[in-house]
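S.K.: Provide a 3D model corresponding to the input given below.
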Amino acid sequence: MSTTVLENLSQALRLDPTEREHLFALAGKTDTKNVHPLENVSESLRNIVISMKDNPACILGRRWDILVWNEAASALLGDFDGMPPEERNTIWRIFTYPELKQRIVNWEDIVEQILAQFRVTYDRYAGDLLFEELVEKLKRVSPEFKRMWSHHNVMGERLWI
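M.R.: Model (predicted):
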């Protein structure tokens, strides 16, 4: 389908921005109305996060990798300095760190929603080998991830506190 047809379809179906973006991703087209964040974090932003000593803060990349964090975030969520870079990923940690499962009330419901949001991001970057590697690795190591991923749920972004 052309982008014009997809645009007309999204308008006819009254899709919200998340649904519209997902439609474009499924069709293998770039949704030019969406601008994606860069993986590089500016030094000034990095310094702001690090300076927030009493408040846990981190910055995520497009794959939900934890790119920058402060001491309070490490104290709350785990020693990011001490873990391999490939494990500094939000989705990886949710499904492979048992202590996080114990901390999250209603883990299954919350994680289903978080994973539905992650799928939208995954679809936005369709064909990105790093995303595909992450998903395949998670399917091998986490039966819960494999089961939930097979649901193909999508959800718009929400702030998780």
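S.K.: would you put the C-alpha positions of the host helix or strand of residue 6 in CSV?
M.R.: Assigned by DSSP states H and E, residue 6 belongs to helix 3-12. Extracted C-alpha coordinates of helix 3-12, given in CSV (Å, rounded to 0.1, in the frame of the first residue of the first chain):
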residue,chain,number,x,y,z
THR,A,3,1.5,6.0,2.2
THR,A,4,-1.4,7.9,0.8
VAL,A,5,-3.7,4.8,1.1
LEU,A,6,-2.4,4.2,4.6
GLU,A,7,-3.0,7.8,5.6
ASN,A,8,-6.6,7.7,4.2
LEU,A,9,-7.2,4.4,5.9
SER,A,10,-6.0,5.7,9.3
GLN,A,11,-8.3,8.7,8.9
ALA,A,12,-11.3,6.6,7.9
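S.K.: buried set for the following helix or strand past that helix?
M.R.: Going down the chain from helix 3-12, the next helix or strand is helix 17-26, by DSSP H and E. Going by neighbour count (16 or more other C-beta atoms under 10 Å), the buried part of helix 17-26 is 18-25. Glycine gets a C-beta too; all of them are placed from N, C-alpha and C.
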